[in-house]
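>>> My questions concern the predicted model and sequence given below.
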Amino acid sequence: MKLLLIRHGDPDYEIDSLTEKGWREAQLLAQRIEKLEVAAFYVSPLGRAKDTASLTLKAMGREATELPWLREFHAPIPDDNTGEMRIPWDQLPGDWTQEENNYDHVRWAHSMPMLYGHVWDEAKRVWDGFDEILEQHGYVRQGHIYRAVNPNEDTLVFFCHFGVTCVILSHLLGISPMILWHHFCAAPTSVTSLITEERREGIAVFRMNTFGDTAHLYANDEPPAFAARFCETYRNVEQRHD
């Protein structure tokens, strides 16, 4: 089985849709995905993800199943300095790196800020929802592996968001999402791909082939949007700091 986790195009958050650039990105993405044989499409209920998916679905004459838990991961936690509520991947590195639990794939959700934000409960909602979809397609979670009840080479496509993608990957790969949120970058319309390996009959694991792949943009001279990143240097005031 192959999984494609796709981030939405360059966002206009005020209207929960795409910028003009985001629509161009979504069109180039559609040209890439329409060449594939896809067993099923799934989409977040948020507008920016649905709009991104719409061009691919129109090109292929397909529909997507909307999944409530595939929306952007929403579990704000208090900022260590200001006390204001912030999403976990916007916490400052000088703060979150001081908590060793953040590097553990289980204990990351057990620090006081995470407990305050009920982050584990929200993550489990995502993991349970994702496992339910995989079970429908023949793979049943058992501990840290999947039983290949109906092994196949189908491709599933998920149009969603950066934060929730990292939560899904943390479950599939056994990695703290804090590491993924803060050290991996997925630009708008980037494609993250995984594929099962069944080296013993009936026992499957997922291996990540690519993270945040934007080949469809580079191939068409469309630079990736900066929306995934923070400032490269502190003195660069034109790039996002907070």
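Received it, and whenever you're ready, just let me know what you need. Quick caveat: nothing in here was measured; it's all calculated off a predicted structure.
>>> Buried residues of the lowest-mean-pLDDT helix or strand in the chain, list them for me.
Of all helical and strand segments in the chain, the minimum by mean pLDDT, DSSP states H and E falls on helix 112-116, at a mean of 86. Across helix 112-116, burial judged by 16 or more other C-beta atoms under 10 Å covers 113-114. (Glycine included, C-beta is placed from N, CA and C.)
>>> Run through the neighbouring helices and strands of it.
strand 77-78 (3 or more C-beta pairs under 8 Å, 6 or more residues apart in numbering; DSSP states H and E).
>>> Direction included, what does the strand it packs on pair against?
Strand 77-78 pairs in its sheet with strand 85-86 (antiparallel), by DSSP bridges.
>>> which other residues reach the strand it pairs with?
76-79, 117 (C-beta atoms under 8 Å, 6 or more residues apart in numbering).
>>> if we can go back for a sec, what lies in contact with the helix or strand that the least confident helix or strand of the chain is followed by?
Going down the chain from helix 112-116, the next helix or strand is helix 119-136, by DSSP states H and E. Outside of helix 119-136, the residues within contact range by C-beta under 8 Å, 6+ apart are 1, 42, 67-70, 73-75, 77, 88, 109-110, 114, 140-141, 146, 149, 156, 164, 167-168, 170-171, 177.
>>> Now do the strands for this structure: every range, in order, please.
2-7, 11-12, 17-18, 40-43, 65-66, 77-78, 85-86, 139-142, 145-148, 155-160, 191-200, 203-213 (DSSP state E).
>>> Of the ones you listed, which is nearest Cys185?
Comparing the strands of the chain against Cys185 with C-beta to C-beta, the closest turns out to be strand 203-213 (5.7 Å).
>>> Can you check what angle separates that closest one from strand 2-7?
30 degrees (axes from the mean of the first three to the mean of the last three C-alpha atoms, to 10 degrees).
>>> So for stretch 9-22, first residue to last residue, what's the gap.
4 Å (C-alpha to C-alpha, to the nearest Å).
>>> Could you give me the buried positions within it?
Applying 16+ other C-beta under 10 Å to stretch 9-22 flags 9-12, 17-19, 21-22 as buried.
>>> on that earlier part again, want to throw the contacts of strand 85-86 into JSON lines with pLDDT, neighbour count and distance to Ala59?
Formatted as JSON lines, the contacts of strand 85-86 follow (pLDDT from 0 to 100; neighbours: other C-beta atoms under 10 Å; distance: C-beta to C-beta, whole Å):
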{"residue": "Pro76", "pLDDT": "90", "neighbour count": "18", "distance to Ala59": "36"}
{"residue": "Ile77", "pLDDT": "88", "neighbour count": "21", "distance to Ala59": "39"}
{"residue": "Pro78", "pLDDT": "88", "neighbour count": "15", "distance to Ala59": "44"}
{"residue": "Asp79", "pLDDT": "82", "neighbour count": "15", "distance to Ala59": "42"}
{"residue": "Gly117", "pLDDT": "85", "neighbour count": "20", "distance to Ala59": "39"}
